[in-house]
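Engineer: Quick one, fold the following:
(chains A, B, C and D)
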Protein chains: 2
Amino acid sequence: MVTLKQLAKELNVSISTVSKALNDSEEISEETRKRVKELATLYNYKPNKVALSLKQNKTKTIGVIIPDILNYFLSKVLYGIEREANKHGYNIITCISNESLEKEKASLELLANGSVDGFILSIAEETQTKNEINHFKDTIAQGLPIVMFDRVAHDVKCDKVIVDDFNATYSATKSLINEGRKHIVFVSKIDNISVGKLRERGYNKAILEESFQPHVVLVKKGDDAQQIIKQLYKKNKNIDGVVAADSASGIIAINMARNFKKKVPKDISVIGFSSKSVSNHSVPKLTIIRQHAKKIGSKAAELLIDRLKTNGEPPQDFSTKIVKTTLVKSKSTL
Amino acid sequence: MVTLKQLAKELNVSISTVSKALNDSEEISEETRKRVKELATLYNYKPNKVALSLKQNKTKTIGVIIPDILNYFLSKVLYGIEREANKHGYNIITCISNESLEKEKASLELLANGSVDGFILSIAEETQTKNEINHFKDTIAQGLPIVMFDRVAHDVKCDKVIVDDFNATYSATKSLINEGRKHIVFVSKIDNISVGKLRERGYNKAILEESFQPHVVLVKKGDDAQQIIKQLYKKNKNIDGVVAADSASGIIAINMARNFKKKVPKDISVIGFSSKSVSNHSVPKLTIIRQHAKKIGSKAAELLIDRLKTNGEPPQDFSTKIVKTTLVKSKSTL
DNA sequence: GTGAAAGCGCTAACAA
DNA sequence: TTGTTAGCGCTTTCAC
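Structural biologist: Numbers count the residues shown, from 1 in each chain, chains lettered A, B, ... in the order given. The predicted structure is shown next:
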């Protein structure tokens, strides 16, 4: 990489002249500016990012910590973050906590050494289970703002972007009830995280309002979802509706229904939290609750970048942005 | 963030003393070392990464450019990269080219300003179509090593990690033939990228060896894969085998078969390139060609980090590592 | 209009 | 054993 120093030497001017010329300073004569710029272009000069970061004490880099990159929703949020960040000249450093508290802590500390200007994260399962929040508070106290999305800690003062899981599931369940379904089961692989619990509550509320009996089926880690849903259908011939807290369960619920001669959506309706591209893994396609993952990501990035701008100023109040879900009807519901 | 300067001031010693003490230099007395370390711990001192990078002219950061983060395979490779990189004290900056040549170029240039020590990437679709490779060569010429994975450019001299797509598909097709299948169709959504073409060739070879008639169905961007496969079954009642170049096509092929009263795997066998977690989106589960995405990622990271170590030394020959696929049988084949 | 010098935080050669 | 100094690449203030 060419440096200012080298350009200066070759042009027989000082380093500061080159710097100013490249930054279009009025101080420098038109002619010198031109000469400098030409040589810079010739040598493909690019200001050294690291030196700039050191000088300006900001890296234009965001640390993103996500629990699981193989989760389609989280990947899509990451995509949204990357897009928005890029738009504002920020890069993202990605760490994967793998649902582990230790890894989450380590990532936070590792990057809190000047590598990034702030964080965007979704909390690891283990962290939520153990209800640990000190590492977040410490990071914020160090002057590194955090924006949390999806799985958030309410006791940490920071910006947040969340999905209205409770209402989304409530409405989805309600819509099955309105179809005339009476034996609606809730299937979830994510009972252990906050959003999973919220979704279950939304389902429960809708069911209880009708004085129906809630029926919750949990798929634990390592379980074979297909087997569990098979057993479910086998033991409960009267099931006529499924609300799935995750995408795989919904897909399987549809594809497995045929094994029991249940026609979808004639005999049974299925709704799942999922995304368009996964929804066509079933025949008929799954009716989904879209969470607008990309938007969640871009919103989170926006919030963080906004906060980074007003650095030093008295912190305004923190905001919690709720991204509304959309029910996208396909042929798995009436 | 606390700096050496502040610690030095508080301890009434020089900055270099503090630095040396923290780095366990023999030069410094046991006692001073202890004092320094205690205060450092107290203040939670962490050496500023940016300053270190500037000083040592390396960032311990890898730039990763992937075409599509919503692609499960690519995400998983990313995961493998992150794991391996972390193990060696490297962070990753992720850029998403979104299959665009422009974005790929931009990312490469953006990070080639001292932000990263090297790159790991898979080539964008547009780049492959237009057969552009100069931006890669330029980057390498600048002294930033590149490791390519999956979709690689053979004319660029760098380390590569690839899947043996040709043989994998050949064998998969062969295995269907050995089941007695005679009308095997190849379905692909990825005809436009190198690996897609290789897979098609592998299929063709196996088919032609039997003097069967190849039958290739391409799903273009924006097409409804379900409709296309439906039409396929409708017009070709005798299809008894499907080899899918991507995971969705395989899943759909299974789930759609029932609409035509075709029993899987009795009447029709299906194999697809996919991963374990997606394979259970179909009933019965999809028999898959596992590409060991995580391993591809960790191998790529390993190659890059190795090369970064021997920096300055005469470049050894570049290697191309082939990661073998595994056929994981489920109930969609006999 | 141009250049010298300081300083961001750190390491390391050299001096004391 | 400890301190001084230079320098990584850059910006910016202040002299000239």
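
Engineer: what sits up against stretch A:172-179?
Structural biologist: Contacts to stretch A:172-179, defined as C-beta atoms under 8 Å, 6 or more residues apart in numbering or on different chains, come from residues A:184, A:186, A:202-203, A:206-207, A:210, A:212, A:241, A:243, A:269, A:271, A:289, A:327, A:333-334. The C-beta positions use only the backbone N, C-alpha and C, and glycine is treated the same way.

Engineer: Who wins on neighbours among those residues?
Structural biologist: Using other C-beta atoms under 10 Å in any protein chain shown as the neighbour test, those are led by A:Val243, with 32 neighbours.

Engineer: How about the secondary structure of the spatially most central residue of chain A?
Structural biologist: Centroid-nearest residue in chain A: A:Val77, 3.5 Å away (criterion: C-alpha atoms, centre = their mean). With DSSP: H, G, I helix; E, B strand; the rest coil as the basis, A:Val77 sits in helix.

Engineer: still on that earlier bit, any idea which of the contacts of stretch A:172-179 the model trusts least?
Structural biologist: When it comes to pLDDT, A:Leu334 is the least confident member of the contacts of stretch A:172-179, at 92.

Engineer: looking at this, that one is in a helix?
Structural biologist: No - according to three-state DSSP, A:Leu334 belongs to no helix; its state is coil.

Engineer: on that earlier part again, let me know whether the residue nearest to the centre of chain A touches A:Pro67 as I believe.
Structural biologist: No - if you go by C-beta atoms under 8 Å, A:Val77 and A:Pro67 don't touch, sitting 11.0 Å apart.

Engineer: Residues in contact with both of the two, list them for me.
Structural biologist: A:Ser122.

Engineer: Provide the contact partners of the helix or strand of chain A with the lowest mean pLDDT at residue level.
Structural biologist: Ranked by mean pLDDT, DSSP states H and E, the weakest helix or strand in chain A is helix A:276-279, scoring a mean of 90. Residues from elsewhere that reach helix A:276-279, judged by C-beta under 8 Å, 6+ apart: A:72, A:247, A:251, A:285-288, A:290, A:328, A:330, B:70, B:248, B:281.

Engineer: ok, 6 Å please
Structural biologist: Residues from elsewhere that reach helix A:276-279 (C-beta atoms under 6 Å, 6 or more residues apart in numbering or on different chains): A:Ser247, A:Lys285, A:Leu286, A:Ile288.

Engineer: got the contact list for the third one?
Structural biologist: In other words, A:Leu286. If a contact means C-beta under 6 Å, 6+ apart, then A:Leu286 has A:Gly250, A:Ile251, A:Gly272, A:Ser274, A:Ser279, A:Ser330, A:Ser332 as its contacts.

Engineer: Skip the chain neighbours and tell me the closest residue to the first one.
Structural biologist: In space, not counting the residues next to it along the chain, A:Gly250 is nearest to A:Gly272; the distance is 2.3 Å by C-beta to C-beta, 6 or more residues apart in numbering or on different chains.

Engineer: Can you name the residues of chain A sitting close to DNA strand D?
Structural biologist: A:1, A:3-5, A:15-16, A:19-20, A:22-23, A:27, A:45-48, A:51-52, A:54-56 (C-beta under 7 Å from any atom of the strand).

Engineer: so is the closest residue to A:Lys321 other than its chain neighbours in a helix, a strand, or just coil?
Structural biologist: Spatial nearest neighbour of A:Lys321, chain neighbours left out: A:Val161 (4.8 Å); criterion: C-beta to C-beta, 6+ apart. Classification of A:Val161 by three-state DSSP places it in strand.

Engineer: so A:Val161 sits right up against A:Asp150, yeah?
Structural biologist: No - counting by C-beta atoms under 6 Å, A:Val161 does not reach A:Asp150; the two are 7.5 Å apart.

Engineer: so A:Ala8 touches A:Val18, yeah?
Structural biologist: Yes - counting by C-beta under 6 Å, A:Val18 is a contact partner of A:Ala8 at 4.8 Å.

Engineer: Those two - which one has more neighbours?
Structural biologist: For A:Ala8 and A:Val18, the more surrounded residue by other C-beta under 10 Å is A:Val18, and the numbers stand at 28 against 19.

Engineer: Number of residues surrounding the residue of the stretch 51-200 of chain A found nearest DNA strand D?
Structural biologist: For the stretch 51-200 of chain A and DNA strand D, the shortest gap (C-beta to the nearest atom of the strand) falls at A:Ala51, measuring 3.4 Å. For A:Ala51, the neighbour count with other C-beta under 10 Å is 16.

Engineer: Likewise for A:Asp317?
Structural biologist: The tally of other residues near A:Asp317 (other C-beta under 10 Å) stands at 6.

Engineer: for A:Gly114, same thing?
Structural biologist: Using other C-beta under 10 Å, A:Gly114 has 22 other residues around it.

Engineer: List the contacts of it.
Structural biologist: By C-beta under 6 Å, 6+ apart, the contact list for A:Gly114 reads B:Asn48, B:Lys49, B:Val50.

Engineer: give me that answer again for 10 Å
Structural biologist: A:53-54, A:57-59, A:61, A:144, B:1, B:46-53 (C-beta atoms under 10 Å, 6 or more residues apart in numbering or on different chains).

Engineer: Do I have it right that A:Gly80 meets A:Asp150?
Structural biologist: No - under the criterion of C-beta atoms under 10 Å, A:Gly80 is not in contact with A:Asp150, lying 11.7 Å apart.

Engineer: residues shared between the contacts of those two?
Structural biologist: A:Val161, A:Ala293, A:Ile296, A:Gly297, A:Ala300.

Engineer: before we move on, back to that, tell me the residues that contact both of A:Ala8 and A:Val18, please.
Structural biologist: A:Val36, A:Leu39.

Engineer: Look up phi and psi at the residue lying closest to A:Asp150 once chain neighbours are set aside.
Structural biologist: Nearest residue to A:Asp150 in three dimensions, chain neighbours excluded: A:Ser122, at 4.7 Å (C-beta to C-beta, 6+ apart). With angles defined as degrees, to the nearest 10, A:Ser122 shows backbone torsions of phi -120, psi 140.

Engineer: quick one: pLDDT of A:Ser122?
Structural biologist: pLDDT, A:Ser122: 98.

Engineer: need the contact list for it.
Structural biologist: A:Ser122 makes contact with A:64-68, A:71, A:73-74, A:77-78, A:97, A:104, A:148-152, A:161, A:193, A:195, A:296, A:300, according to C-beta under 10 Å, 6+ apart.

Engineer: Check A:Leu101 too.
Structural biologist: A:Ile123, A:Ala124, A:Glu125, A:Glu126, A:Thr127, A:Gln128, A:Thr129, A:Lys130, A:Glu132, A:His135.

Engineer: Tell me which residues of the helix or strand harbouring A:Lys103 come out buried.
Structural biologist: Assigned by DSSP states H and E, A:Lys103 belongs to helix A:101-111. By neighbour count on 16 or more other C-beta atoms under 10 Å in any protein chain shown, the buried set for helix A:101-111 is A:Leu101, A:Lys103, A:Glu104, A:Lys105, A:Ala106, A:Ser107, A:Leu108, A:Leu110, A:Leu111.

Engineer: Now do the contacts for the closest residue to the third one other than its chain neighbours.
Structural biologist: This means A:Glu104. Closest residue to A:Glu104 apart from its sequence neighbours, by C-beta to C-beta, 6+ apart: A:Ser97 at 4.0 Å. A:Ser97 makes contacts with A:65-69, A:103-108, A:121-127, as judged by C-beta under 10 Å, 6+ apart.

Engineer: Do a quick rundown of the helices in the stretch 151-300 of chain A.
Structural biologist: Ranges of helices within the stretch 151-300 of chain A are A:165-178, A:194-209, A:225-235, A:247-257, A:276-279, A:293-309, based on DSSP state H, counting those that start in this stretch.

Engineer: Any idea which of those helices gets closest to B:Val36?
Structural biologist: Nearest to B:Val36, of all the helices of the stretch 151-300 of chain A, is helix A:293-309, at 32.7 Å by C-beta to C-beta.
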